[in-house]
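Engineer: Pasting the sequence and the predicted coordinates here, then a few questions.
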Amino acid sequence: MIATGFVQTGVGFLEGFGGQPPPIWKLTPEGYCEIVVPARELFYHDLPVEEGDYWVSQLTKQAQLPLTEEGTYAYSGWKDVPVWYLATIEDKALPIDAQRMMVGFAKASGADITLKQVQTSHSPMLSKPEETAEFVADAVTAFVEK
C-alpha cells in the first residue's frame, strides 16, 4: 500500500469520512469527484514544474459512485495478509499524520503491517522511483520468504 487508507468491510469510503468528502475535493451533480485545489501542489509538488504539469494533464475524472456506495464492495483484505505500507512524509493529499493514524488503527485491529516512510509527495513512484521500486521489491521478497 502506498499513501492510502484502509477500507473496512461493508463501509464505504466516504462513510469513513463521516459521509462528507475531504475539503480538497467535492462531489459534482454529474457524478464525479472534482479536485478544488491546485492538483500539481496536491500530488506533484516535489517534481520539476514541467513534469508536475505534465502529470496534472494526465489526470482523468474520478467517478463518485465507488466512493459513495455504502460499502457494498469494500473488503478489509489487509486484515487477512501481511501488509507493507509506504507512507509519504511530504504528502499534501493525504497528510502523513493521517497516514500514521490509519496505520496505527489497522495495527490495533490486529493487522500485520510493515511501515516504511519516504520523504516525498503523494506520488513517490514519480518523485522517488528508485526508493519506491526498492520498497516494492522488499515487500515481494518478504511475502515470498513467509
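Structural biologist: Happy to help now that I have it.
Engineer: Pull out the buried positions in the worst-scoring helix or strand of the chain on mean pLDDT.
Structural biologist: Across the helices and strands of the chain, the lowest-confidence element by mean pLDDT, DSSP states H and E is helix 65-68, at a mean of 80. The neighbour-count criterion (16 or more other Cβ atoms under 10 Å) identifies Leu67, Thr68 as the buried residues of helix 65-68. All C-beta spots, glycine's among them, are computed from the backbone N, C-alpha and C.
Engineer: Which elements pack onto the helix or strand following it?
Structural biologist: In the C-terminal direction, the helix or strand that comes right after helix 65-68 (DSSP states H and E) is strand 83-88. Based on contacts counted as 3 or more Cβ pairs under 8 Å, 6 or more residues apart in numbering; DSSP states H and E, the elements that strand 83-88 packs against are helix 96-108, strand 113-118, helix 129-145.
Engineer: Output those in JSON lines, with distance to Ser76, mean pLDDT and mean neighbour count appended to each entry.
Structural biologist: Supplementary listing: the helices and strands packed on strand 83-88 in JSON lines, determined by distance: least, Cβ to Cβ, whole Å; pLDDT from 0 to 100; neighbours: other Cβ atoms under 10 Å:
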{"stretch": "helix 96-108", "distance to Ser76": "9", "mean pLDDT": "95", "mean neighbour count": "15"}
{"stretch": "strand 113-118", "distance to Ser76": "13", "mean pLDDT": "98", "mean neighbour count": "16"}
{"stretch": "helix 129-145", "distance to Ser76": "18", "mean pLDDT": "95", "mean neighbour count": "12"}
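Engineer: Put together TSV for those, with distance to Glu34 on each row.
Structural biologist: Formatted as TSV, the entries for those read as follows, by distance: least, Cβ to Cβ, whole Å:
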stretch	distance to Glu34
helix 96-108	21
strand 113-118	28
helix 129-145	28
